[in-house]
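Participant: The following comprises the amino acid sequence and a computationally predicted model.
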Amino acid sequence: MDWTLLLIQMLNGLQLGVLLFLLASGLTLVFGIMDFVNLAHGSFYMVGAFVCASLTFFTGNFLIGVILAIPVVALVGVITEKIVVQQLYARDHLDHVLATFGLILCFDTLVHMIWGAQGIAVPLPKWLDGQVELFGGIVFPTFRLLIIGTGLTIAFGLYYLVNHTRLGMLIRAGASNRTMVSALGVDIQLLFSLVFALGAVLAGLAGMLISPITEASIGMGNEIIITAFVVIIVGGIGSMKGAFIAAMIIGLIDTLGRSFLDDMFKVFMSAPAAETSAPAVSAMLIYILMAAILAVRPQGLFPPKVR
Amino acid sequence: MSDTPLNGATPRSSGLLSGWTATTWATAICLVLLAVVPPVSFYAGQPFHVDLATRLVCLSIAAVSLNLILGYGGMVSFGHAAFIGIGAYSVGIPAYHATYGEFDLIASYNGWFHIALALVVSAIFAAITGAISLRTRGVYFIMITMAFGQMVFFLFVSMETYGGDDGLTIDVRSELPLIDLDKPLQLYFLCYGSLLGALFIVHRMVNSRFGMAIQGAKGNELRMQSIGYNTYVYRLVAYIISGAMCGYAGFLLGNFTTFISPEMMDWTRSGELMFMVILGGAATLVGPILGAVAFILLEEILSGFTIYWHLPFGVLLILCVLFARGGLMGFVSQWGRRNG
Amino acid sequence: MAETILEVRDLSKSFGGVHATANVTLDVLHGETHAVIGPNGAGKTTLISQLSGDLKPDGGSISFKGRDITSLPAYQRSLTGMARSFQITSLLMGMSVLDNVSLAVQAHDGHSFRFWTPARKDRKLRDKAMQSLQVVGLQDRAGELAGALSHGERRQLEIAVALATEPQFMLLDEPMAGMGAEESARMVEMLSGLKGEKSILLVEHDMDAVFALADRISVLVYGQVIATGLPEEIRTNEKVRDAYLGEGDE
């Protein structure tokens, strides 16, 4: 086996993993605290990518584009929460799903109206656009390393936020005991808006980070959101730790499956058979993993203690 | 979402038709219109209307099947489009091999074979995915069915032989005795007859002991278990029946479009099916059909005005969720109560 | 002396370190009405849920009619002749009163994989269901939606549903909860009509009702049975007075 390739693919898996974590952490926060299912979470991913693209062209610098795009996405998140989502907290999950499905159509069309039907490629500054040599002669794109670094930093930041700050305390309390939080005199409405905006920003950031690699395109959020769902199902809905671990597992398995499954299949079947079956199996790999985990643990790896 | 009582109180009848409720009227009008309008407009030189009606009726069958588990069984399945895809590829794949060789075992233009394949494969897929997803509740169930649906989507995307992403053209439609599916009206009436059949099956089923059991499990699962029901098994069987029925809808849709692609089982398609059910009125017999009619007509009308029609469409969907609980059938029965 | 119908041995259940049920040992005899009393939070509902199979115990055993049922799921316990009423009324509010009872009859009339014949026209189910409704006095309300019943009527319907499964043993979780004096009296009268015919484990706060109905009483405090005995023994038991009856006047 080619160890260099394996290591590179593992880094790629890690990069997919942190992106998935950025999306899944927002989903799981919003669900854990507000008991709200947001199908349109992927729309923030898309909006983030497009806003970042425009601001990058406007300012001429990707990093400034990202920094300016973050408050814009937060604003979009707050507006969405105020206009639509707030009306839905008292409703059941079916209503959440249906209404946010409508939201997706709105977001996709609004993006279409503002930016047109074509995708937008986002240019990187020179110093990010190259490759760096890591240990042992492994060469890896600088920007992908930056994504991994950013993602891990944010994961650590979220861990700190949830476990060591007053907001985090409220978040944890809100997840287990809503009436207690209101009894503490906390403006629950404000808390919900903040958390929703935080989730939107995390998803938006994931979109911004991926846009130089894939380009910003309509509907880009609709595909990855399902993978993010798989992540939080596997991790246990509402669990931040579960979201992180599951995101890493799913990112790695998906990436490694796509690149090495045919080689593995060739060990015990003919080459043509391996070449036809490997793509099919690797396309389904994370879902099979999900099914296997759920068959053993219907609540995911880290089910929230109080529900 | 429905506030239609399930008590099944039989209306007092004091003469022909006088016992009909507004709901029954809506059912009858809806079914008569579907029987009359397409042939009339076909002979009036508007074949496009027949196409529209055929698509509508196919999706209605799918919505009726979803209603069985979503409306009556309370199982919010977000992966139903996968069954449509399975049904459609049950026509496409055997036909492909019958035309281009290989896999003699399944190569066939025989419609009965296609139907059997659609039903059996859908049922097996439903049994496996249902067995896993029905162990979970609520939002887990929604997301898991969605994920399994997407799994089938990616499976067909990865199968290069059958066109992968680009889809597959069905060169020869299913061959059935007595009817020729290449004739639009014959195809339409096959679909229409199938819809009537599906409605009748669902009607009998929800009022049977089995139907009572799954409706009870929707209302309160813990209670049903404590009075002696193995709710898991009843739900699973309902899920399998619904999946097979939806697979049959896929068989029809494949024969209608003659072009099939993974896109028809994208999760957003499942979302549309759910909307048809809810929009029309979940847990009512013809609600899903009204929903499908409203959904598709709205789509046709709005898309005639602007390419950005998804925006008003999305807004309407949100408004429906916020303000029109009970769906169109809810309006009908309210109207009936006020004027009856 | 009658035989035991239910034997509970060392039943334990804890939630995050709190012992909701701690080594509970308890017998219910054939035809006996056995009341379990105890202050709020003593673990009475947790105990019932374990007996009915809605909760899995951490340790200990439950045997019913001489058969170990500790790991039997709720629906199978029901099929072996055990019925439960819920403390918080959990009827199918969107269905009619008769449907609610009829479903219970149906569950005990073979499997429900019957897809074609209308269940609401099934005389066998409907007649039996009406009989149960007559026992609790709801026969005139059969066509109403369960959701349209008053609180007291809903409690009665709970009992009717339990009765419709033709149990030998009933777990009643606070059947008088939230009832007025008059309704309670009627419920006591009805339950005393079942005495002897059914074995009953009754959890109840209303002490008048408990002393009117119970053959024996067990007192549960912090998940532990601190005393079991005849009503007179319990009334005079020092430990019980200290732990429970002494505090406040219920």
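Facilitator: Structure received. Numbering: from 1, shown residues only, chains lettered A, B, ... in the order given.
Participant: quick one: stretch C:82-95 near chain A?
Facilitator: No - Stretch C:82-95 does not reach chain A (Cβ under 8 Å from any Cβ of the partner chain); its nearest approach is 14.4 Å. Placement of C-beta: from N, CA and C, glycine included.
Participant: I'd like the average pLDDT over stretch A:211-219.
Facilitator: Mean pLDDT, stretch A:211-219: 93.
Participant: swap that for stretch B:166-185, sorry
Facilitator: Rounded mean pLDDT across stretch B:166-185 is 93.
Participant: hmm, it in reach of chain A?
Facilitator: No - remark: stretch B:166-185 sits outside contact range of chain A, by Cβ under 8 Å from any Cβ, the gap being at least 15.0 Å.
Participant: Check stretch B:80-99 too.
Facilitator: No - shown here: stretch B:80-99 not in contact with chain A (Cβ under 8 Å from any Cβ), separated by at least 11.3 Å.
Participant: Now that stretch: average pLDDT?
Facilitator: Regarding stretch B:80-99, the rounded mean pLDDT is 96.
Participant: how about that stretch: buried residues?
Facilitator: By 16 or more other Cβ atoms under 10 Å in any protein chain shown, the buried positions in stretch B:80-99 come out as B:80-98.
Participant: and what of stretch A:250-268?
Facilitator: A:250-262, A:265.
Participant: Pull the residues that contact that stretch.
Facilitator: A:1, A:5-6, A:9-10, A:12-20, A:227, A:230-231, A:234, A:273-275, A:277-279, A:281-282, A:285-286, A:289 (Cβ atoms under 8 Å, 6 or more residues apart in numbering or on different chains).
Participant: which of those are buried?
Facilitator: Among these, the ones that count as buried by 16+ other Cβ under 10 Å are A:9, A:12-20, A:227, A:230-231, A:234, A:274, A:278-279, A:281-282, A:285-286, A:289.
Participant: interface residues of the stretch 151-300 of chain A facing chain B?
Facilitator: Applying Cβ under 8 Å from any Cβ, one finds that the stretch 151-300 of chain A approaches chain B through A:222, A:226, A:229-230, A:232-233, A:237, A:276, A:279-280, A:282-284, A:287-288, A:290-291, A:294-295, A:298-300.
Participant: Go again with 7 Å.
Facilitator: Residues of the stretch 151-300 of chain A lying near chain B by Cβ under 7 Å from any Cβ of the partner chain: A:222, A:226, A:229-230, A:233, A:237, A:279-280, A:283-284, A:287, A:290-291, A:294-295, A:298.
Participant: ok now the lengthiest helix in chain B, how far from the chain's centre?
Facilitator: What stands out as the longest helix in chain B, according to DSSP state H, is helix B:231-257. Computed by Cα atoms, centre = their mean, to the nearest Å, the chain-centroid distance of helix B:231-257 equals 8 Å.
Participant: Tell me the confidence at the residue most central in space within chain B?
Facilitator: Centroid-nearest residue in chain B: B:Ala62, 1.2 Å away (criterion: Cα atoms, centre = their mean). For B:Ala62, the model assigns a pLDDT of 97.
Participant: For the helix or strand that contains it, buried residues please.
Facilitator: Using DSSP states H and E, B:Ala62 sits within helix B:47-67. For helix B:47-67, a neighbour-count test (16+ other Cβ under 10 Å) marks B:49-67 as buried.
Participant: contacting residues around residue 154?
Facilitator: Reading this off chain A. Listed by Cβ atoms under 7 Å, 6 or more residues apart in numbering or on different chains, the contact set of A:Ile154 reads A:Leu22.
Participant: meant chain C, my bad for not saying
Facilitator: Applying Cβ under 7 Å, 6+ apart, we find C:Arg154 in contact with C:89, C:91.
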